[in-house]
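Undergrad: Build me a model:
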Amino acid sequence: MSKVILAAREWGSAQQKIAPMKSPTAQKLTPNAGCVLVKTDAAWKESLNIAGLGWTVENQSGTAQFSAPAHYVKTVLAAEALALRETIWKCRELGHARIRCESDSAVLIKAIKAKTSLAGLYGVLADILSLSSCFEFISFSWIPCGKNIEADMLAKQSLSVELALLSPPTLI
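TA: The predicted model follows:
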């Protein structure tokens with residue numbers, strides 16, 4: 001029995017340790033001064049691996065709404081991560097330098113703050129961390145679902161439209 005235990009320990013120590021993902025650190029400035037507030041959410045249809053992504057971008061001029069479908073999405077967490085990545089890309093495209101990102105996915109926010117990967121999400125999380133270096137300031141916060149209603153509605157609407165487009169016509 002002791003040979004089995006020793007072999008298991010040897011095997012375990014020989015396995016490559018996965019290091020946490022690292023990204024260039026964005027310059028840290030006073031959090032709320034001149035920040036754009038973004039809120040993200042996703043809706044997912046498990047049986048079809050399709051997601052609807054929704055996000056809002058709020059600044060002094062008002063709130064802009066965005067949504068997009070995503071195909072080949074394996075988990076709801078992947079959908080949430082894709083929504084956040086799309087949001088950050090859009091903010092970069094719009095020229096925003098300081099953003100506060102809010103999501104109702106506690107697991108996603110925790111992984112981003114810890115700069116660690118999650119199963120099946122390494123690429124998307126690496127993209128988020130890499131894109132973060134494009135901003136003077138960026139923060140990630142969890143919010144309850146009740147404070148994310150607008151992004152949730154946009155995600156569900158995007159998913160609904162995509163499902164309608166994929167549905168075969170009904171003949172009467």
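Undergrad: Every contact and neighbour count from this point should use C-alpha atoms.
TA: OK.
Undergrad: Next SSE downstream of the helix-or-strand element of the chain with minimal mean pLDDT?
TA: Lowest by mean pLDDT, DSSP states H and E among the helices and strands of the chain is helix 2-14, with a mean of 49. For helix 2-14, the succeeding helix or strand toward the C-terminus, using DSSP states H and E, is strand 36-45.
Undergrad: tell me the secondary structure for the spatially most central residue of the chain?
TA: Nearest to the mean C-alpha position of the chain, by Cα atoms, centre = their mean, lies Ala81 at 2.2 Å. Secondary structure of Ala81, reduced to three states by DSSP: H, G, I helix; E, B strand; the rest coil: helix.
Undergrad: and Trp55, how many neighbours?
TA: 31 (other Cα atoms under 10 Å).
Undergrad: tell me which element it falls in.
TA: Using DSSP H and E, Trp55 falls in strand 50-59.
Undergrad: low-confidence ranges in this structure?
TA: When residues are selected by pLDDT under 70, those of the chain lie in 1-31, 169-172.
Undergrad: Try it again at 90.
TA: 1-34, 61, 116-120, 166-172 (pLDDT under 90).
Undergrad: Just list the residues touching Val73, thanks.
TA: Taking Cα atoms under 8 Å, 6 or more residues apart in numbering, we find Val73 in contact with 49-51, 79.
Undergrad: Filter those down to the buried ones and hand me the ChimeraX line.
TA: In ChimeraX, a selection of the buried entries from the contacts of Val73 looks like this (16 or more other Cα atoms under 10 Å):
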select :50,51,79
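Undergrad: how about a markdown table for the contacts of Val73, with distance to Ala164 added?
TA: What follows is the contacts of Val73, written out as a markdown table (distance: Cα to Cα, whole Å):
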| residue | distance to Ala164 |
| --- | --- |
| Asn49 | 15 |
| Ile50 | 12 |
| Ala51 | 13 |
| Ala79 | 19 |
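Undergrad: For the contacts of Val73, which two are the farthest from each other?
TA: By the measure Cα to Cα, Asn49 and Ala79 form the most distant pair in the contacts of Val73, at 9.5 Å.
Undergrad: picking up where we left off before, isn't the residue nearest to the centre of the chain right up against Val124?
TA: Yes. Using Cα atoms under 8 Å, Ala81 is in contact with Val124, at 6.6 Å.
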